[in-house]
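# Below are the sequence and a predicted model for it; my questions follow.
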Amino acid sequence: MKRLLPLIKAVDALSSAAGWLATWAVLFACMVSAGNAVVRYAFDVGSNAWLELQWYFFAVVVLFGASKTLRLNGHVRVDILYGMLTPRRQVWLDLVCLGLFLMPAAVLLTGMSWTLFAESWSINEVSSNAGGLLRWPVKLVLPLGFALLALQGLAEMARRAAMLAGAIPLSTQYERPPA
């Protein structure tokens, strides 16, 4: 079980890198939005490309931030029963739910979104909006984001299994990101 710990740390580092990109994408989305508003209202000039670029950054925020959120145990969960369980049972419930719900969905969405990306890439798809952007770059974010989520899901399952085996201490606490 302890042999999995370096792999878990590697996936955690990958999710942290994706989270770093997501954090910067928030800033870039805000800058594009503010710049677009200023140019549109001050100079009466607008472009669909700026609006679409803002959406692309938002896609990076959501899809690349998901794996980091899972890593930090910051995802939404129904806490009605979970809070009444012992830490060991919480870990078991996490392990079962990750395997039954997250992993099938993440793997399915990775495959389905890869198909969307591949089709978009093959035809060099462009937005139907006047002045719009290429579509395939944002469609690539979909399978990458879901694959990262699936990898982090596997790492979390391995982490929970290691906790149950006694290789690492039991913990179901929320891990706050660094300030």
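Here it is on my side, so go on. Numbering: from 1, shown residues only.

# Not counting residues beside it along the chain, what's closest to the residue positioned nearest the centre of the chain?
For the chain, the residue nearest the mean C-alpha position is residue 66 (2.5 Å; CA atoms, centre = their mean). Spatially, and ignoring its direct neighbours in sequence, residue 66 is nearest to residue 149 (4.9 Å; CB to CB, 6 or more residues apart in numbering). All C-beta spots, glycine's among them, are computed from the backbone N, C-alpha and C.

# quick one: what helix or strand has the one you found in it?
Assessed by DSSP states H and E, residue 149 sits inside helix 136-165.

# So which bits of that helix are buried?
136, 138-160, 162-163 (16 or more other CB atoms under 10 Å).

# try stretch 90-106
Buried, per 16+ other CB under 10 Å, within stretch 90-106: 90, 91, 93, 94, 95, 98, 102, 103, 106.

# just stretch 166-176 next, same as before
168, 172.

# after the host helix or strand of residue 33 comes which helix or strand?
Taking DSSP H and E as the criterion, residue 33 maps to helix 5-43. Using DSSP H and E, the helix or strand that follows helix 5-43 in sequence is helix 48-71.

# quick one: average pLDDT of that next one?
For helix 48-71, the mean per-residue pLDDT is 93.

# what packs against that helix?
helix 5-43, helix 136-165 (3 or more CB pairs under 8 Å, 6 or more residues apart in numbering; DSSP states H and E).

# for the ones you listed, which one sits closest to residue 70?
helix 136-165 (4.9 Å; CB to CB).

# Off-centre distance for that closest one?
Put simply, helix 136-165 sits 8 Å off its chain's centre (CA atoms, centre = their mean, to the nearest Å).

# what's the answer for stretch 11-22, then?
Worked out by CA atoms, centre = their mean, stretch 11-22 lies 9 Å from the chain centre.

# Now do the buried residues in it.
11, 12, 14, 15, 18, 19, 22.

# Now residue 16: closest residue in space, sequence neighbours ignored.
Residue 16 sits nearest to residue 68 (CB to CB, 6+ apart), 6.3 Å away.

# That neighbour: neighbouring residues, count only.
24 (other CB atoms under 10 Å).

# tell me the contacts of it?
15, 16, 18, 19, 22, 152, 177 (CB atoms under 8 Å, 6 or more residues apart in numbering).
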